[in-house]
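> fold the stuff below for me.
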Amino acid sequence: MLVAAAVCPAPPLLVPEVAAGAAAELGDARTACSDALAVLAASRPDLLVVVGAADQDHRGPYPQGSRGTFRGHGVQFDVQLGDGDEGPRLLPTSLAVGAWLLRRARWGAAPVEGLGVGEPLEAEQCLRAGRDLAARDARVALLVMGEGSACRTLKAPGYLDERAAGFDAAAAHALGSADTAALAALDADLAHELQAAGRAPWQVLAGAAEDAGLDGRLLYEDAPYGVGYFVAAWS
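Next up is the predicted model:
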């Protein structure tokens, strides 16, 4: 059963070693992520699963001990998903950022696994995956990594799209109120057009939390670099 969840953005720039001189720009987001992870630790889970967006080559489960790297972003910096032997493949970037957040929080409250999901998963498949995660143990927590639209400004990765602000506002409200029905109803095609990488992970969360009766709090909402970033805590 799901007992808590934290929702965080997953840009590599969240990691100060990657951001370098621009690290201060996401300082508030890091603080909010720390607060959300504190909610996870307080829930005393038996299992924590980090769920994040992944491309086709990186989808699927990742065992505890799986490693991630930020060397592709110009820094000699690696992370590991909990303790244990190294997994057979590298974490996708979203899960690597999640592993960094857990390392920063000195996570030791429960075993940690990962799950990479991507756009081809329709809403019902995401919901089913979430239900399966929630059934894994008596007390399950999720760290859900993903962003909103990437089309909020002219300089955004996806350029300006007038639909982006409305999509992000709906997502932020759903995340802040733990509205599983609203998350489940997010339009996958529109999310794809707006390059919203969080859609599938958020819908996994919606499936996991369907019968959990959790309350939500939105801890951070902004669009630096023209991308919607949200931090929320459910408990």
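
> so which residue is smack in the middle of this structure?
The chain has M145 as the residue nearest its centroid, 0.9 Å off, counting by CA atoms, centre = their mean.

> quick one: the helices in this protein?
16-19, 27-42, 93-104, 123-134, 164-177, 180-184, 188-193, 199-208 (DSSP state H).

> what's the lowest-mean-pLDDT helix or strand in the chain packed up against?
Lowest on mean pLDDT, DSSP states H and E among the helices and strands of the chain sits helix 16-19, with a mean of 87. Here helix 16-19 touches no other helix or strand, going by 3 or more CB pairs under 8 Å, 6 or more residues apart in numbering; DSSP states H and E. Bear in mind the C-beta positions are built from the backbone N, C-alpha and C, glycine included.

> tell me which residues of that helix come out buried.
16, 18-19 (16 or more other CB atoms under 10 Å).

> what's the answer for stretch 227-235, then?
By 16+ other CB under 10 Å, the buried positions in stretch 227-235 come out as 227-235.

> can you tell me which of these is nearest L219?
Nearest to L219 among the buried residues of stretch 227-235: V231, at 4.5 Å, using CB to CB.

> next one, pLDDT for the closest one please.
You'll see V231 listed with a pLDDT of 98.

> may I have the phi/psi pair for the nearest residue to V227 once chain neighbours are set aside?
Take V227 and drop its neighbours on the chain: the residue closest to it by CB to CB, 6 or more residues apart in numbering is A150, 4.7 Å away. Per-residue torsions, A150: phi -110, psi 40 (degrees, to the nearest 10).

> how far away is A150 from A20?
Distance, A150 to A20, by CB to CB, to the nearest Å: 22 Å.

> more neighbours: which of those two?
More crowded of A150 and A20, by other CB atoms under 10 Å: A150, with 21 against 11.

> pretty sure that one contacts H192?
No: the criterion here is CB atoms under 8 Å, and A150 misses it with H192 at 11.1 Å.

> give the residue farthest from the middle of this structure.
Centroid-distance maximum for the chain: L154 at 25.0 Å, with CA atoms, centre = their mean.

> just checking, that residue touches L160?
Yes: the pair L154 / L160 is scored as a contact, 4.9 Å apart, by CB under 8 Å.

> what do those two both touch?
Residues touching both L154 and L160 by CB atoms under 8 Å, 6 or more residues apart in numbering: G226.

> contacting residues for the residue nearest to L13 when sequence neighbours are not counted?
Leaving aside its sequence neighbours, L13 sits nearest to A19 (CB to CB, 6+ apart; 4.5 Å). By CB under 8 Å, 6+ apart, the contact set of A19 is 12-13, 25-26.

> out of those, which one has the lowest pLDDT?
Across the contacts of A19, no position has a lower pLDDT than E25, which has 86.

> number of residues surrounding that residue?
As a burial measure, E25 scores 12 neighbours (other CB under 10 Å).

> what's near enough to touch it?
Residues counted as contacts of E25 (CB under 8 Å, 6+ apart) are 13, 19, 224.

> now do 10 Å
13, 19, 224-225 (CB atoms under 10 Å, 6 or more residues apart in numbering).

> of those residues, closest to L115?
L115 lies nearest to L13 out of the contacts of E25, by CB to CB, at 23.1 Å.

> how about the CA coordinates for the least confident helix or strand of the chain, as PDB?
Coordinates of each C-alpha in helix 16-19 appear next as PDB, following Å, rounded to 0.1, in the frame of the first residue of the first chain:
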ATOM      1  CA  PRO A  16      25.200  21.400  -8.300                       C
ATOM      2  CA  GLU A  17      28.200  19.500  -9.800                       C
ATOM      3  CA  VAL A  18      26.500  19.700 -13.200                       C
ATOM      4  CA  ALA A  19      25.100  23.200 -12.800                       C
END
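
> kind regards, and thank you for your time.
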